[in-house]
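Visitor: For reference, the sequence and a predicted model appear below.
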Amino acid sequence: METVSTNRSHGGEQGVYRHRSTATGTEMTFSVFVPDHAAGAKLPVLWYLSGLTCTHANVTEKGEYRAACAEHGIVFIAPDTSPRGPQVPDVEAWDFGQGAGFYVDATQEPWSANYRMRSYVEGELPDLIAGIFPVDLERQGITGHSMGGHGALTISLRNPGRFRSTSAFAPIVSPLACPWGEKALGGYLGPDRSAWQEYDACALVEGGARLPDLLIDQGSADTFVSEQLKTELLREACDRAGQPATIRLQAGYDHSYYFISTFMAEHVEWHAERLKA
Ligand SMILES: N[C@@H](CCC(=O)N[C@@H](CS)C(=O)NCC(=O)O)C(=O)O
């Protein structure tokens, strides 16, 4: 692993790192914020998965998580959203291909060689992190935004017990039921929609997956909510299944990092309560 940059911030170290990924067959870049801590201490971790068009950099620069993570002693990790590079297949669109990995392991050519973000985020990156950073992987939480909210919800629902806390900002709650999801899962996984189920938070809840609780914030002025994000589908699925969930509509907020950064400290505190209980 190579260090791209480190900067002292909020009494901790914000780093950006690059490594060769076996899951994606490419170089991958991610960021890690480590608050100051006692020698030998292992800190709880909050994973943040980003949305369409993003790299690790969007939340690192605009997410405003560091003060809260420093206060609560939480390591914050932000992976990229897809494999990248001239040899990685891509299309012109911003909602498919590079910057839009959807946290799936693609099964369709030509995507299947590199687009293995599920394996990367679920397996390879945690293994790498555990050997290098002062983290306690018995105390992990996960959150994310939009496509990354979909990633956070589905990874957590598929791995019961692995994350003590799960939240999301403006998540895509059902790729089976929105144009972004139909395009991405259709492209990466093919037309058989039964293969999409394990990448759909609503379908996972309906199929019996359960988490202790959930926190979701959704802006009321988010232009993607009615066609793409469809928060109500998750509310209905959770109500039907008896899955506890706090789903908050935040008046006037849009889909941007101005929204995310406003509620970031509350999410970090909510995770800290569960990670340090
Ligand atoms: N590129 C799209 C917007 C895509 C978008 O809103 N992406 C969100 C995630 S779904 C994001 O975080 N964008 C990067 C940023 O705001 O820094 C457009 O121009 O309409």
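Guide: Perfect, I can see it now.
Visitor: in the protein, which spans are helices?
Guide: 57-62, 66-72, 117-119, 125-132, 147-158, 179-189, 201-206, 231-241, 257-275 (DSSP state H).
Visitor: Residues touching the second one, excluding its own?
Guide: Read it as helix 66-72. Contacts to helix 66-72, defined as Cβ atoms under 8 Å, 6 or more residues apart in numbering, come from residues 9-12, 14, 33, 35-36, 46, 74-76, 264-265, 268-269, 272, 276. From N, CA and C alone the C-beta is placed, and that goes for glycine too.
Visitor: buried ones in it?
Guide: R66, A68, C69, A70, H72 (16 or more other Cβ atoms under 10 Å).
Visitor: Next, format the residues you listed as CSV and append distance to the ligand.
Guide: Shown next, in CSV, are those (distance: Cβ to the nearest ligand atom, whole Å):
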residue, distance to the ligand
R66, 17
A68, 19
C69, 19
A70, 23
H72, 24
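Visitor: rewinding a little: for PyMOL, what selects the buried ones among the contacts of helix 66-72?
Guide: Per 16+ other Cβ under 10 Å, the buried members of those correspond to this PyMOL selection:
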select buried, resi 10+12+14+33+35+46+74+75+76+264+265+268+272
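Visitor: do you know how far G149 is from C202?
Guide: 13 Å (Cβ to Cβ, to the nearest Å).
Visitor: Among those two, which residue is more densely surrounded?
Guide: Comparing G149 with C202 by neighbour count (other Cβ atoms under 10 Å), the higher total belongs to G149, at 30 against 24.
Visitor: Spatially, what comes nearest to the more buried one if we skip its sequence neighbours?
Guide: P171 (2.5 Å; Cβ to Cβ, 6 or more residues apart in numbering).
Visitor: Leaving out the residues flanking it, which one is nearest to the residue in the stretch 1-150 of the chain that the ligand sits nearest to?
Guide: As assessed by Cβ to the nearest ligand atom, the ligand sits closest to G51 within the stretch 1-150 of the chain, at 2.6 Å. Nearest residue to G51, sequence neighbours excluded (Cβ to Cβ, 6+ apart): S146, at 3.3 Å.
Visitor: Based on its surroundings, how many neighbours for that neighbour?
Guide: Using other Cβ under 10 Å, S146 has 25 other residues around it.
Visitor: residues contacting it?
Guide: Neighbours of S146 in contact, by Cβ under 8 Å, 6+ apart: G51, L52, F169, A170, P171, I172, F224, L229, H255.
Visitor: I'd say the third one and G144 touch.
Guide: Yes - counting by Cβ atoms under 8 Å, F169 touches G144, with 7.2 Å between them.
Visitor: Find residues that contact each of G149 and C202.
Guide: Common neighbours of G149 and C202, counting by Cβ under 8 Å, 6+ apart, are V173.
Visitor: Quick check: residues of the protein near the ligand?
Guide: Residues of the chain lying close to the ligand (Cβ under 6 Å from any ligand atom) are G51, L52, T53, C54, N58, W94, H145, S146, M147, H255, S256, Y257.
Visitor: Can you flag the buried ones in those?
Guide: The neighbour count (16+ other Cβ under 10 Å) marks G51, L52, C54, N58, H145, S146, M147, H255, Y257 as buried among these.
Visitor: Got the phi and psi for the first one?
Guide: Reported as degrees, to the nearest 10, the phi and psi values for G51 are phi -100, psi -170.
Visitor: which residues touch it?
Guide: G51 sits next to T81, G144, H145, S146, M147, G148, G149 when contact means Cβ under 8 Å, 6+ apart.
Visitor: Take those residues and write them to a markdown table, including pLDDT and distance to Q197.
Guide: Below are the contacts of G51 laid out as a markdown table (pLDDT from 0 to 100; distance: Cβ to Cβ, whole Å):
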| residue | pLDDT | distance to Q197 |
| --- | --- | --- |
| T81 | 98 | 22 |
| G144 | 99 | 20 |
| H145 | 99 | 23 |
| S146 | 98 | 20 |
| M147 | 98 | 18 |
| G148 | 99 | 20 |
| G149 | 98 | 18 |
